[in-house]
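Chemist: Sequence first, then the predicted structure:
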Amino acid sequence: MLERRSVSVRARLVTLGVLAVLFIVALVLGGIYADWLWYASVGLQSILATTLIVKVLLFFGAAIVFFVVWCASTFTARRLSHGDHNLWQFVASIEGRATERLFTGVLILMGLVLAVIMGAAASGQWDTVLRYALAIPFETIDPIYGRDVSFYVFLLPFYRFLHSWLVGLVALVFIGTAAVYTLRLIVPQLPASAGELGARGGTVHIQLSVSRGVKAHLSLLGAALLLLLAWHYWLSRYELLLTQRRAIFGAGYTDVHANQPMLLLLFGVSILAAGLLVANVFRRGHLLSLTGGALLVLAMVLGGGIYPSIVQRFEVQPSELDKEKPYIESHIQATRTAYALDRIAEQPYPAEESLTLADLQANRGSVNNVRLLDPNPLLDTYNQIQSIRAYYEFGDIDVDRYIIDGEYRQVMLSAREMNASRLSSEAQTWVNRRLKYTHGYGVAASLVNAVSPEGLPNLIVQDVPPKGKLQIDRPEIYYGERDSDYVVVNTGTPEFDYPKGDENAYSDYQGDSGIQLNGYLTRLLFSWQLGDANLMLSSYVGQQSKLLMHRDIRERTQKIAPFLLYDRDPYLVIADGRLYWLQDAYTYSDHYPYSQPVQARVNYMRNSVKVVTDAYDGSVRFFIADDTDPIIRTYAAAFPQLFSPIDQMPAEIRSHVRYPEDLFSVQARMYSIYHMQDARVFYNREDAWTIPQVGRGNQLRSIEPYYVILRLPDEPGEEFALILPYTPPNKNNMITWLAARSDGANYGRLVALKYSKDKLIYGPLQVEARIDQDTRISEQLSLWDQAGSRVIRGNMTIIPIGKSNLYVEPIYLQAEQSSLPEMKRVVLAAGNRVVMEQTVSAAIASLFATEITTTPGVSQPQPSAQPPQPSGSASNAAIDLTRSLQERYGKIQSELKDFEADLRRLSDMLQRGP
């Protein structure tokens, strides 16, 4: 009866175990199939297939290897420890039901569990294995071992992963094997009789019995660990080039002349210790194994700290620069190469203070694109005047350039995206959030320098449906920066398209992407995956319905190509009547020898990929922008279906490709130090630069790179560029500025314009101080601050014009009870002159009033008997007159626009009739 009950319990446990395994397998396969359907919906199922094949091969290969080694070792231990008087048999005799079958089952179960863990660990390294298998040479060698950089970037991470995995395998097998021996080789000293047991006080003495076979088995496992330790020391030699030291990142004098020889010594001693451990099997006692262990410990103490410390203290420190000089040079060269700083063209820049009207006239493109609109206030303004309805939202301002009315103009624009969480509480239904309010609509766009008399941006694209100077035929935005939730389209309820007077316009999705929900099993699968039973239960979801997932463009591209880094600022492009998102993607490594890391996992970086996502149908294309990068060439070999040459990018979209901000910020940060190529100058940081600060008081912050349209020295015309100035440490004067070019054949070229060190060139903080010290400006700003409004000083931009700099800072005014900032003034500064006016034109006239009054052809006052007027009176009169004319001209223009609008309304009324 008891035996039958035991069998029944065992059967139930087995059944539960099988069901649990089947459930886990179903979950895994269901997730894979759901991913397959999604990848197929964007035409990239080959990407999933490749990664799945590699992951599966690694998982099962590693799991099988581990399980075989585990079983071979533990079952060998079981066989070698077989006996009639071991602890296992003793316990079995007491319990009465302990069997070898239970012991075998425990070993197999533990092996399976550990095999799954080890297989999963290997599977997670699919990217490392893929890069190893398809490695492309860098054709650059390291200065210490003469190996190609690809060894460090592709091969060394694989070797380190393989080493770690093997250490885990041998360590776990050793522990399991030792546990088997411990249980089966502890021999109890059994009493001859019950009387003897009583005489012993009821105790049983035990002793450990070890045969030569057991000793050999454990010695071989220990030797394997020692050989893996030797391999660790061998790999550590190369990792010296990837280690942060006091003076540099990479191997220094002490590493090359002390640490490297000691690692070779430890490598040899580890192999010797392994050999002694094996040889000890054939001798009685443990003398050889103890000798090997002692030698290894001695070598660790000597090589791990004492000898390198002696070399560093007594040989390097007294003459550190001379000893480290060749390694500093290697560090500088490697860092410049890893971040493409060696491609920066440096040229002197005179930076005179004599900015003239002639300079402005020769650089009309730069002047016409002076940035007056600041992204932060502009975003608030868009949300106030262009969101149209509460459920629309502008989340980010993008900067780009377009041809507007035949002119090359800098534009700020933002996508009008759907935020269904802003629907009223009554409208927060599943149907509204998932089926009806599915997409955003159109954009708002402004020229960076165009402001209305009220201080609001002059929109070149506005309203819904969008109208303006840029044609948009497909304004719907199903994929964007704020679309994190899934939606279902082509359902039994129409989708809201855009507000239309007292009614709404509705539409149906016509894109190709999306997962077809044409079967109950598919609906059931995604109901489970998304945790939403409504997908299965809703009568609106039918055979033609499509599920749109991963609609956040950053999440979308990350899912497709997780091995790339992505720029934080995707930007919207209007091209061929459609809306596209452009993202910059980077290849990277943390294993470039001697290169200084900028983050924990980056010391090599390239903007090798441009990603284009259609905002309507979600189609994604990856274009290779830098085919000289070995990392992207390796990935292109692994995923040939994913990448296309940039020559295949549509011309209209390619005209909007720009140099990425994140890469430029990294390069600018590294260049502030690594422009110094002389080892002595670098060691003493004699010519280090810093990123200048802007702001006031306790609100200082580092200036961020900004896009401008400018004409570089000796260039025929204006171009779109990303620029950033530098200042010396602890000083506020400018010393250099760096520009990244974005147009045409010049795309990707970096230019550093260096100022003369013997001339003062004002930096942003110095210009801010001069603005504050101008009594007329400071009085006006203080008056506004005291009148129930808040003054917002926009970002200062510094625009190189000719041989001088023009400093521009917009001034915004925001009422305390309003979130609508208005641009009220613009501050211009050049040389020693600072002015604040309502418009750029008025500010230019004020800035160059002296030139205006002395321009040839303008009659000048003749000497007279009258007492001389104070110096500058004529200029002041000209300034006042110019300001008055500008204000009157602005008012006339505004009135003329109002008149034209009224005239159009009258014409429309007459055409409609009574």
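Modeler: Nice, thanks for sending it over. Numbers count the residues shown, from 1 in each chain.
Chemist: mind listing the strands in the stretch 251-400 of the chain by residue range?
Modeler: Secondary structure of the stretch 251-400 of the chain (DSSP state E, counting those that start in this stretch): strands at 345-349, 392-394, 398-404.
Chemist: for those, which one sits closest to residue 818?
Modeler: Smallest distance to residue 818 across the strands of the stretch 251-400 of the chain (C-beta to C-beta): 17.2 Å, for strand 392-394. Every residue, glycine included, has its C-beta placed from N, CA and C.
Chemist: What is that closest one packed up against?
Modeler: Packing contacts for strand 392-394, counted by 3 or more C-beta pairs under 8 Å, 6 or more residues apart in numbering; DSSP states H and E, involve helix 375-385, strand 407-418.
Chemist: Quickly compare the strands of the stretch 251-400 of the chain and say which is most buried.
Modeler: strand 392-394 (a mean of 21; mean count of other C-beta atoms under 10 Å).
Chemist: okay, stretch 546-565 in PDB with CA atoms only?
Modeler: Written as PDB, here are the backbone C-alpha positions of stretch 546-565 (Å, rounded to 0.1, in the frame of the first residue of the first chain):
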ATOM      1  CA  LYS A 546      -3.300  45.100 -38.300                       C
ATOM      2  CA  LEU A 547      -1.300  45.400 -35.100                       C
ATOM      3  CA  LEU A 548       1.300  48.200 -35.000                       C
ATOM      4  CA  MET A 549       3.900  47.600 -32.300                       C
ATOM      5  CA  HIS A 550       7.200  49.200 -31.300                       C
ATOM      6  CA  ARG A 551       6.100  52.500 -32.600                       C
ATOM      7  CA  ASP A 552       8.700  54.500 -30.700                       C
ATOM      8  CA  ILE A 553      11.400  54.900 -33.400                       C
ATOM      9  CA  ARG A 554      14.200  54.600 -30.900                       C
ATOM     10  CA  GLU A 555      12.800  51.300 -29.500                       C
ATOM     11  CA  ARG A 556      12.100  50.200 -33.000                       C
ATOM     12  CA  THR A 557      15.600  50.600 -34.400                       C
ATOM     13  CA  GLN A 558      17.100  49.200 -31.100                       C
ATOM     14  CA  LYS A 559      15.000  46.000 -31.600                       C
ATOM     15  CA  ILE A 560      16.200  45.600 -35.200                       C
ATOM     16  CA  ALA A 561      19.900  46.300 -34.600                       C
ATOM     17  CA  PRO A 562      20.700  46.200 -30.800                       C
ATOM     18  CA  PHE A 563      24.400  46.100 -31.500                       C
ATOM     19  CA  LEU A 564      24.500  49.800 -32.500                       C
ATOM     20  CA  LEU A 565      24.400  52.900 -30.300                       C
END
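Chemist: switch to numbering from 45
Modeler: Yep, numbering from 45; the last one is stretch 590-609 now.
Chemist: Now that stretch: buried residues?
Modeler: Residues 590-598, 600-605, 607-609 are the ones in stretch 590-609 that count as buried (16 or more other C-beta atoms under 10 Å).
Chemist: centre of the chain versus it, how much separation?
Modeler: Put simply, stretch 590-609 sits 14 Å off its chain's centre (C-alpha atoms, centre = their mean, to the nearest Å).
Chemist: ditto for stretch 752-772
Modeler: 26 Å.
Chemist: same check, this time on stretch 758-776
Modeler: With C-alpha atoms, centre = their mean as the basis, stretch 758-776 stands 25 Å off its chain's centre.
Chemist: one step back: how about the strands of the stretch 295-444 of the chain, which one is nearest residue 759?
Modeler: Per C-beta to C-beta, nearest to residue 759 of those: strand 389-393, 11.6 Å.
Chemist: Name the strands paired with that closest one and say parallel or antiparallel.
Modeler: Within its sheet, strand 389-393 is paired with strand 794-799 (parallel), according to DSSP bridges.
Chemist: List the buried residues in the next helix or strand after the partner strand.
Modeler: With elements assigned by DSSP states H and E, the helix or strand that comes after strand 794-799 is helix 808-817. Across helix 808-817, burial judged by 16+ other C-beta under 10 Å covers 808, 809, 810, 811, 812, 814, 815.
Chemist: Run through the helices of the stretch 695-844 of the chain in chain order.
Modeler: Shown for the stretch 695-844 of the chain, the helices assigned by DSSP state H, counting those that start in this stretch span residues 695-698, 705-718, 723-728, 808-817, 819-829.
Chemist: what does the domain assignment say about the protein?
Modeler: Per the record, the chain has its domains at 407-521+528-595, 596-701, by automatic domain parsing.
Chemist: Need these in a markdown table (columns: mean pLDDT and distance to residue 257).
Modeler: Converted to a markdown table, the domains of the chain look like this (pLDDT from 0 to 100; distance: least, C-beta to C-beta, whole Å):
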| stretch | mean pLDDT | distance to residue 257 |
| --- | --- | --- |
| domain 407-521+528-595 | 92 | 53 |
| domain 596-701 | 95 | 44 |
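Chemist: Could you dump the ones you listed into JSON lines with distance to residue 94 added?
Modeler: Formatted as JSON lines, these follow (distance: least, C-beta to C-beta, whole Å):
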{"stretch": "domain 407-521+528-595", "distance to residue 94": "19"}
{"stretch": "domain 596-701", "distance to residue 94": "6"}
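Chemist: what about those domains, which gets the closest to residue 89?
Modeler: domain 596-701 (9.0 Å).
Chemist: end-to-end on that closest one?
Modeler: Start-to-end span of domain 596-701 (C-alpha to C-alpha, to the nearest Å) is 21 Å.
Chemist: for stretch 515-535, same thing?
Modeler: By C-alpha to C-alpha, one end of stretch 515-535 lies 30 Å from the other end.
Chemist: in it, what counts as buried?
Modeler: By neighbour count on 16+ other C-beta under 10 Å, the buried set for stretch 515-535 is 516, 519-527, 529-535.
Chemist: Kindly report the same for stretch 169-183.
Modeler: Of the residues in stretch 169-183, those buried by neighbour count under the rule 16+ other C-beta under 10 Å are 169, 170, 172, 173, 174, 175, 176, 179, 180, 182.
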